[in-house]
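# pasting a predicted model and its sequence here:
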Amino acid sequence: MVHPAIRFRGAVALVGRFPVLAGVDLDVAQGEIVLLQGPNGAGKSSLLRACAGLLPVVHGCAEVLGADLVADPRSVRRRVGLLGHSSALYDDLSVRENVRFAVRASGGSRDGVDDALATLGLTGRLAGTPVGGLSAGQRRRVALAVLVARNAELWLLDEPHAGLDAEHRDLLDRLVRSAVGKGATVVLASHERDRAHALAGRVVEVSGGVVNAVTPAPGGLARGERGRANVA
C-alpha cells in the first residue's frame, strides 16, 4: 500500500491558545506539486510548519510520509525540507560549511554538496564567504542549496521566489520539477501566482486555519508531464 505524502484530518495546531490550524483536512499524493493560496494570516505557513514537524498538531490526524506527527512530530524531520521566510543559516559559517552542516545534521550524505553549490552558482570564493556577508538573494540561494543537497522526499516552500532575481526564479522552478521527477512531493505557498500555477497540479485555498477548496491549477501541468522536466 502506498501512503499519501500528506494526510490531515481535522488537524488542529495552536500558537499559545490561538488555533492557527482549526481543523485542516488535506490529502497530497506522492509526486504531486500542490499550491497553497490564501490571504496573509490564513494558515499557509502554519500548515507547512506542521507538515515539517515544527508545529505540533494537538488534535486530529496528521500523517506525513507515513509518519504519525501527532504521536511524534520529530519522526519526519530528516525526510522533509522546509524553505521558510527565515533562511535558518549560521552567519559565521561559510556557504559551504552551512550546506555541509545542514546535510550532516539531517543524517544525509554530503556527496551531493558540491553539486548543489554548483547548481545554485555558489562556487569559488563565494563558497568560502561567511553567510553573514551575503546579500538577501545569495542567502536565499544557500538555503535552496541546502534543500537540494539534502535530497528531501517532501519539499515545503514558503514564498520560495522571494529575494531571487529572474534567472534564479527560473532555476528554482526547474529544481522543483526535477525533484518531482525523481520522486519528491512539493507543497508551496506563493504570491507569484503565474509561476506557481504553472508548477502546481492543484490549488488548495486556505483561510481561517482551514482548507476551503481544492481545485485544479490554471495552466498547471499534469503529473507525468512535470516528472519529465529537467534542470538545464
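Sure thing, it's come through.
# by mean pLDDT, flag the weakest helix or strand of this protein.
Within the chain, no helix or strand scores below helix 223-227, which has a mean of 45 by mean pLDDT, DSSP states H and E.
# how about the residue nearest to the spatial centre of the chain: which residues does it bridge to?
In the chain, the centroid-proximal residue (C-alpha atoms, centre = their mean) is Leu156; its distance is 1.8 Å. Bridge pairing for Leu156 (DSSP bridges) gives the partners Leu82, Val187.
# that one: what's it in contact with?
Leu48, Cys51, Ala52, Val80, Gly81, Leu82, Leu83, Val187, Leu188 (C-beta atoms under 8 Å, 6 or more residues apart in numbering). (C-beta placed from N, C-alpha, C; glycine too.)
# if we go to 7 Å?
Leu48, Cys51, Ala52, Val80, Gly81, Leu82, Val187 (C-beta atoms under 7 Å, 6 or more residues apart in numbering).
# okay, it: pLDDT?
For Leu156, the pLDDT comes out at 97.
# over to Ala88?
Ala88 is assigned 84 on the pLDDT scale.
# Ala229 now?
The model's pLDDT for Ala229 equals 39.
# which residue ranges of the protein form strands?
In the chain, the segments counted as strands under DSSP state E are 6-15, 18-28, 33-37, 59-64, 67-68, 80-83, 154-158, 185-189, 202-207, 210-216.
# mind giving me the packing neighbours of the third one?
To tie it back to what came earlier, the one meant is strand 33-37. strand 185-189, helix 193-199, strand 202-207 (3 or more C-beta pairs under 7 Å, 6 or more residues apart in numbering; DSSP states H and E).
# one more pass at 8 Å, please.
The elements that strand 33-37 packs onto, with contact taken as 3 or more C-beta pairs under 8 Å, 6 or more residues apart in numbering; DSSP states H and E, are helix 44-51, strand 185-189, helix 193-199, strand 202-207.
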